[in-house]
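Asks: Can you look at this prediction? I've put the sequence above it.
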Amino acid sequence: MLNLLRAKLREIYLTAIILVIAIAVTFKSADFMTSGNIIEIFNDTSILAMLALGQMLVIITRGIDLSVASNLALTGMIVALMNTQFPELSMVYFIVLAIVVGMALGAINGLLIWKLSLPSIVVTLGTMAIFRGVIFIISNGTWVNSHELSEAFISLPRTVILGFPVLNYFGLATLAAVILFVTYIKAGREIYACGSNPAAAVYTGIDVGKIQCLTFVISGAIAGLCGYLWVARYAVAYVDIANGFELQVVAACVIGGVSIAGGRGSIIGCMLGCLFLGVIKNALPVIGISPFWQMAISGFVIIAAVVLNSKPAGKKKKIILKPQSAALAS
Amino acid sequence: MLNQLKNKSGLFKDKSWEIALLGVAVLVFIFNSLASPYFLDLWNLSDATFNFTEKAIIALPMALLIIGRDIDLSVASIIAICSVAMGLVAQAGGGITLIVLTGMSVGMLAGAINGFLVTYYAIPSIVVTIGTMSLFRGLSYIILGDGVLKDYPDGFSFFGQGYVVGALSFELVFFLVVALLFYLLLHRTVFGRVVFAIGNNPTAAFYSGVAVNRYRFLLFVLVGLASGIASVMLTSRLGSTRPTIALGWELSIITMVVLGGVNILGGSGSILGVVIAVFLMGLVTFGLGLLNVPGIVMSVVIGMMLIGVISIPVLLKKYHARVGAT
Amino acid sequence: MTATPIFQLQGISKTFPGVKALDNVELALYPGEVTALMGENGAGKSTLVKIMTGIYQPDSGHIEIGGQATTIANAREAHALGITAIHQETVLFDDLTVVENLFVGQYLYKGFGIVLDWQTMTRRTIEILEILGVSLNPHELLSHLSIAQKHMVSIARALAFDAKIVILDEPTAALSHREIDELYELIERLKAQGKAILFISHKLDEVFRIADRYHIFRDGQHIKQGLIRDIDQAQMVTNMVGRSVDQVYPKQTVALGEVVLEVDKLSLEQEFADISFNVRRGEIIGFYGLIGSGRTEVMQAIFGASGQPNGTISVLGETVTIRTPAQAIDLGIVYVPEERQAQGTVLEFSIAKNISLPQLGNVSRFGFIQPEKEWILADQYANRLQVKASGWGQEVGNLSGGNQQKVVIGKWLARAPKIIILDEPTKGIDIGSKAAVHEFIGELVAQGLAVIMVTSELSELLGLADRMYVMAEGRMQGEFSRADASAEKIIKTAIGS
């Protein structure tokens, strides 16, 4: 009971802190809580949220994917270059291409980790560098600028439907897909089983390596899709886009209570973690703090989040000693 | 009997990894000398060492840390914050000694923060150092913003740009001396033995009376100190401080360690392997540089080397298993 | 008694590099009956279970289920064939709910066969729990359940997919007597449902109470089989071990010296309270209790390996504070943990390196390790304990369990302790070697040490201890001297009735 309560407590705390910050900032500037700004926050956070969902699945199976940002950038560049070559193609092609390329890159990670049993931190450190270097190679170091990209390409994420930019809908769709996957699809549940007790998972017939590979493929697919969205949203593609973003993604997961030890992590927590970072990022300029503070605040929040989480998750102390009366009653 | 014991100590143990690395290094050396006429020039080679000596100095205690089952992703950010601190001291008119001491102390303090968070709260070091990585560099950004600190006194440039004798730079000599010290520390002393014990079985070590958390804390401080020293050298070499200093260096440093044969999961590794890996990476980057390969493409090569190197033992085992079964 | 077996193995052999784990063994399981598989460690029982659950493939032999010849290629197939195993360490998922634990690997689907059907699964879970007479919230996370409850979930899992063959591998190791009785009731229910049960246990009392048939393995070979009613315990042991063996080495009388350790009103939040006892030189005191009664926690607190307890500890009359194992060791208190692999030795280190670990200062000079000193130390103590190895440079991980235990004790003897705390000293050691360990404990006290022995084996306790303390639920329940102790008194005190 206690652990469940603590998990819920974590989420309640996070929600409370987010609200407190939001309200505090609104005092300084009433514009903060306008519907326009809130939509802006969700919009800004969409990509982070999508990536965090993928990363969450990886972390639950006791892995880590440090290559997501490089995957995003490389896929974004590929899709952008394709767009400059074939601007007339329907957007569906580009989106599918982005997802497929992302999946392929994710599969590289996944297969190395599955078939060769290599530790994910080392593999993704390597592919992080490789993917980014490949961007340079295929683009020759040049940028793809907004005027080179087709109108349809750039405008899609910004198009407003029912008051929300399409980018938000991509985020929501990914969220819905992941929720359904993790609740109603066998492989989705097996991810949690593998993370919770890999040895037991093997006994029940689960192929742990395959599941881990799957999480990297999913993480890659999402990163690929975000690659298109990022490039389209900012209307530019070059080597350094999203540089260092993978740390934000991991930070969002950690703040949201996803345990690095594996097996535990809620989607709500993950989304709250993203929202938290998004609110802060949005709030800083409003209260006159330069964006240069953002990195330090993220770092501080990660540390605070794990420190506050540490006592409950720590040593599992068995409660042996029961109150005297209970012991005598038996 | 005594020989049996010796066989298990650091020096004479199974050396296949180090030999393989050395072989690759020699091949790269030969390739480089054939590929470019500028390679076999003493001063060019000496210049090339600057690319890796600062990172290599950090790789040494990092190897011990990883052997002990921890990791520190914040080293590059520690370099940044140390550099900022030094820049401020220089700006305020501090002398060289004070500047250097500042760099080293800030590094140790940062390492102590890491060590404290990891040991006192029992949080996995990967998470803590992802956090401090952002925190330390974030502080650098807050203090410096877009700006740069440049008011270093003249003599300060010795650390990063000076030479001890001939073409041997201060940085290179320092690295070699420290490498020797770390070799002795890891493979010959009680401290090193304890690090291996902690890396293989922290519980058993604890039950044997080892103050596990104290050692882990010390290792983080050591890594922080090395980062501070590296910061002194790097800042001295660049002559300036920007918040983006040493951006991304943690990747290369960890690559040096893993390439050197240290198991990322802890428990095994050798300083000799790390030193050879350092030079191997140096040769590769220098050679590619001579061929005008841009830095970012170099990291493709480094990334592939990293993955390749850890894959080979696994592939070999699989091959042997298949062959053996027939 | 049914005549036709539902599960049969014949001529099964399995070899691993260097070891013939199973040599032409046979096994037959009958529906509605409990068949016990008896054998010492290394007899091949766990290998057989792994073959039955599809984890290993036999090198040769014949498997028949329901009269049909089959192979069990992997865990999934074993599952499909109706075979399930419940292991000593519950092989379940702490972070998942009861419903999920029942259905991992055997989910129920709806909608095109890919959508998980949680409503039906939850309903089935509630039904099964009712059949078992267990009241649990199906949505409870497993980490919130007690060990006994987790066992129930394991068994529920077997019912959830209509297992035909249920393997119980040392299921009672962590259960209280009341819980063991409940388990027996469950087993009766499983029998009534016609399941064939394979029961693997070291505890002869249990086997004789619950099993209908038996098979005995020894050194990978099938020795004997038959009906339980046609054999007695002594014959069982003889067949298991191959020779008639005293389970406990006869106790030697040793002169008792002064009080070496005195513990007064020791307590630690949530773990134990009001613990007082003492030990004399030359004395063996036993700490008995069910698993989870807090004995290990008390010992770890005394050794400085867990939180700071309240109360007093005195060594040789002087009050001491022990905050770390290093301090305990310096005071002459050493601890041999229950899990010798996880806590007692560094498997990747050599024998010499393990022995020197608690006293690196003594084998080094100015911080530099002196290999010669290390070797001399290892030689002295490894020889004294007759460790069988190719040399002191051999990795401890390559030694047998018994030799690993010797290395652990050797490293502690090298520190000239006054008090040795042994936590389950013969756990996992086969009957043949237990006697050797007991003999050795006798030698320790003859040389003037004091021994505190935490044990869950009654015969060990009654055979060795001069005085016995019984703990339950974190408190001291009673103290007995050798003269007035008896099995019934001890057990009654341990379960608190």
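Replies: Nice, thanks for sending it over. Numbers count the residues shown, from 1 in each chain, chains lettered A, B, ... in the order given.

Asks: For residue C:10, give its distance to residue C:63.
Replies: Distance, residue C:10 to residue C:63, using CB to CB, to the nearest Å: 8 Å. To be clear about C-beta, it is placed using only N, CA and C from the backbone, and glycine gets the same treatment.

Asks: neighbour count winner among those two?
Replies: residue C:63 (20 against 14; other CB atoms under 10 Å in any protein chain shown).

Asks: which residues touch the residue positioned nearest the centre of chain B?
Replies: When CA atoms, centre = their mean is applied to chain B, the residue found nearest the centroid is residue B:59 (1.5 Å). For residue B:59, the contacting residues are B:253, B:256, B:257, B:260, B:274, B:278, by CB atoms under 8 Å, 6 or more residues apart in numbering or on different chains.

Asks: same check, this time on residue A:143
Replies: If you count contacts by CB under 8 Å, 6+ apart, residue A:143 has them with A:236, A:237, A:238.

Asks: how about CSV for these, with neighbour count, distance to residue C:417 and secondary structure added?
Replies: Listed next are these as CSV, based on neighbours: other CB atoms under 10 Å in any protein chain shown; distance: CB to CB, whole Å; DSSP: H, G, I helix; E, B strand; the rest coil:
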residue, neighbour count, distance to residue C:417, secondary structure
A:236, 18, 71, coil
A:237, 31, 69, strand
A:238, 18, 67, coil
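
Asks: quick check, nearest of those residues to chain C?
Replies: Closest to chain C out of these is residue A:237 (37.2 Å), distances taken as CB to the nearest CB.

Asks: Buried residues of the helix or strand harbouring residue A:80, list them for me.
Replies: Taking DSSP states H and E as the definition, residue A:80 sits inside helix A:68-85. Within helix A:68-85, the residues scored as buried using 16 or more other CB atoms under 10 Å in any protein chain shown are A:68-83.

Asks: And stretch C:298-318, by the same measure?
Replies: C:298-307, C:309, C:311, C:313, C:315.

Asks: Which two of the residues you listed have the greatest separation?
Replies: Maximum pairwise distance in the buried residues of stretch C:298-318, criterion CB to CB, is 19.7 Å, between C:307 and C:315.

Asks: Give me the neighbour count for residue 208.
Replies: The chain I'm using is chain A. Residue A:208: 19 neighbours (other CB under 10 Å).

Asks: right idea, wrong chain: chain C
Replies: 16.

Asks: and it, what helix or strand is that in?
Replies: Going by DSSP H and E, residue C:208 is in helix C:204-210.

Asks: Low-confidence regions, chain B specifically.
Replies: Filtered on pLDDT under 70, chain B yields the residue ranges B:1-14, B:324-326.

Asks: in it, which spans are strands?
Replies: Ranges of strands within chain B are B:163-165, B:168-169, based on DSSP state E.

Asks: Turn those into a markdown table, columns for mean neighbour count and distance to residue B:120.
Replies: Listed next are the strands of chain B as a markdown table, based on neighbours: other CB atoms under 10 Å in any protein chain shown; distance: least, CB to CB, whole Å:
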| stretch | mean neighbour count | distance to residue B:120 |
| --- | --- | --- |
| strand B:163-165 | 12 | 41 |
| strand B:168-169 | 18 | 40 |
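
Asks: and those strands as JSON lines, adding distance to residue B:108?
Replies: Formatted as JSON lines, the strands of chain B follow (distance: least, CB to CB, whole Å):
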{"stretch": "strand B:163-165", "distance to residue B:108": "25"}
{"stretch": "strand B:168-169", "distance to residue B:108": "25"}
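
Asks: List just the one of those strands that sits closest to chain A.
Replies: Nearest of the strands of chain B to chain A, taken as CB to the nearest CB: strand B:168-169 at 26.7 Å.

Asks: Quick check: which helices or strands does the closest one pack against?
Replies: helix B:42-67 (3 or more CB pairs under 8 Å, 6 or more residues apart in numbering or on different chains; DSSP states H and E).

Asks: Just the buried positions in the helix it packs on, please.
Replies: Buried residues in helix B:42-67, counted by 16+ other CB under 10 Å: B:45-46, B:48-67.

Asks: what about the residue nearest the centre of chain A, which SS state?
Replies: In chain A, the centroid-proximal residue (CA atoms, centre = their mean) is residue A:52; its distance is 1.2 Å. Following DSSP: H, G, I helix; E, B strand; the rest coil, we place residue A:52 in the helix state.

Asks: What are the neighbouring residues in contact with it?
Replies: Residue A:52 makes contacts with A:249, A:252, A:253, A:256, A:270, A:271, A:273, A:274, as judged by CB under 8 Å, 6+ apart.

Asks: Look up how far residue B:123 lies from it.
Replies: Residue A:52 is 20 Å from residue B:123, where distance means CB to CB.

Asks: swap in residue C:141?
Replies: Distance from residue C:141 to residue B:123, by CB to CB: 22 Å.

Asks: helices or strands up against the helix holding residue C:208?
Replies: Applying 3+ CB pairs under 8 Å, 6+ apart, one finds that helix C:204-210 contacts strand C:34-38, helix C:177-192, strand C:196-200, helix C:233-241.

Asks: what does chain C have sitting close to chain A?
Replies: C:53, C:55, C:74-76, C:79, C:85, C:91-96, C:100, C:104-107, C:114-116, C:118, C:141, C:143-144, C:269-273, C:292-294, C:297, C:472-475, C:496-497 (CB under 8 Å from any CB of the partner chain).

Asks: Narrow these to those in helices?
Replies: C:75, C:76, C:79, C:100, C:114, C:118, C:297 (DSSP state H).

Asks: which of the residues you listed are buried?
Replies: C:75, C:76, C:79, C:100, C:118, C:297.

Asks: so which pair among the residues you listed is furthest apart in space?
Replies: Maximum pairwise distance among these (CB to CB): 40.3 Å, between C:76 and C:297.

Asks: part of a helix, is residue A:131?
Replies: Yes. Under three-state DSSP, residue A:131 falls within a helix.

Asks: For the closest residue to it other than its chain neighbours, give me its contacts.
Replies: Excluding its sequence neighbours, the residue lying closest to residue A:131 (CB to CB, 6 or more residues apart in numbering or on different chains) is residue A:70, at 3.7 Å. Contact partners of residue A:70, counting by CB under 8 Å, 6+ apart, are A:127, A:128, A:129, A:130, A:131, A:132, A:135, A:242, A:246.

Asks: Can you add distance to residue A:162, neighbour count and pLDDT and give those back as TSV?
Replies: Converted to TSV, those look like this (distance: CB to CB, whole Å; neighbours: other CB atoms under 10 Å in any protein chain shown; pLDDT from 0 to 100):
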residue	distance to residue A:162	neighbour count	pLDDT
A:127	38	28	95
A:128	38	23	94
A:129	42	27	92
A:130	41	22	95
A:131	36	26	96
A:132	37	27	94
A:135	35	24	95
A:242	28	24	92
A:246	32	24	90
